[in-house]
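Engineer: Pasted the sequence and its predicted model underneath.
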Amino acid sequence: MKIYIVRHGQTLWNIEKKIQSWGDSPLTEEGIKCSKEVGVKLNSIEFKKIYSSDVGRAIKTSELIRGDRNINIIEVPEFREINLERWRGKCFESFQGVEKEDYHTLFNFPHKYIPNNDESYEQFYNRVKKACKNIINENKEGNILIVTHFHTIRAILAYLKEIPLDKLAEEIVYIKNNEVIEIELA
């Protein structure tokens, strides 16, 4: 079984450096163009299924990558980004004090991130891991595509590659919009 994982295309809030979390922001022209290019790049791969976060930017990216191929897109709510409701729509460059420290912790030491009425990294990781297990159990062979978000991809990779959460930031620093990651499972 081979899993292809793609981060959603560039959005307006990506450009504005705003945190999206469970919120949504439309793909930019660049995000649309690059998503179509990923579709062309992956066109020769026969996907059994496409799984997508149920957030609009991921669904739109999935549709653009799929193109005119006859493959169902299965929406997976568990593949949403980590829920950071308190920061949704805020520009992370404007953070000061405790907010800035919390944001730094989330990116660099996710296992130490303590939410303020938001989802903890452990809760988030367990949600993503459960969805991964289900998908792997349903698809013993062939190729599948997952389209989702930055932190979700980090969590998927942590699970599939058995990366401890305290090593996650060292192993996976950044994932660009429309970046394609391939993982072969035995």
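Structural biologist: Arrived safely, thanks for sending. These numbers were taken from a predicted model, which means no experiment stands behind them.
Engineer: Next, the buried residues of the helix or strand hosting residue 105.
Structural biologist: Element membership of residue 105 [criterion: DSSP states H and E] is helix 97-108. By neighbour count on 16 or more other Cβ atoms under 10 Å, the buried set for helix 97-108 is 102, 103, 105, 106, 107. The C-beta positions use only the backbone N, C-alpha and C, and glycine is treated the same way.
Engineer: what about the chain, any weak spots by pLDDT?
Structural biologist: The chain contains no residues with pLDDT under 70.
Engineer: Show me which helix runs longest in it.
Structural biologist: helix 121-138 (DSSP state H).
Engineer: And the next helix or strand past that helix?
Structural biologist: Remark: after helix 121-138, the chain's next helix or strand is strand 143-148, criterion DSSP H and E.
Engineer: list the helices and strands whatever helix or strand comes next after that next one packs on?
Structural biologist: Toward the C-terminal end, the helix or strand that comes next after strand 143-148 (DSSP H and E) is helix 150-160. Packing partners of helix 150-160 (3 or more Cβ pairs under 8 Å, 6 or more residues apart in numbering; DSSP states H and E): strand 2-7, helix 121-138, helix 168-171, strand 180-184.
Engineer: For my notes, confirm residue 174 occurs in a helix.
Structural biologist: No: read with DSSP: H, G, I helix; E, B strand; the rest coil, residue 174 is coil and lies in no helix.
Engineer: That one and residue 26, how far apart?
Structural biologist: Separation of residue 174 from residue 26 (Cβ to Cβ, to the nearest Å) stands at 22 Å.
Engineer: Centroid-nearest residue for this structure?
Structural biologist: The residue lying closest to the centre of the chain (Cα atoms, centre = their mean) is residue 149, at 2.0 Å.
Engineer: More neighbours: which of residue 174 and residue 26?
Structural biologist: Of the pair residue 174 and residue 26, residue 26 is the one with more neighbours under other Cβ atoms under 10 Å, namely 13 against 10.
Engineer: OK, contacts around the residue nearest to that one when sequence neighbours are not counted?
Structural biologist: Among residues not flanking residue 26 along the chain, residue 12 sits closest, at 5.8 Å (Cβ to Cβ, 6 or more residues apart in numbering). Residue 12 sits next to 25, 26, 28 when contact means Cβ atoms under 8 Å, 6 or more residues apart in numbering.
Engineer: got JSON lines for these, with distance to residue 118 and secondary structure too?
Structural biologist: Converted to JSON lines, the contacts of residue 12 look like this (distance: Cβ to Cβ, whole Å; DSSP: H, G, I helix; E, B strand; the rest coil):
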{"residue": "25", "distance to residue 118": "19", "secondary structure": "coil"}
{"residue": "26", "distance to residue 118": "24", "secondary structure": "coil"}
{"residue": "28", "distance to residue 118": "27", "secondary structure": "coil"}
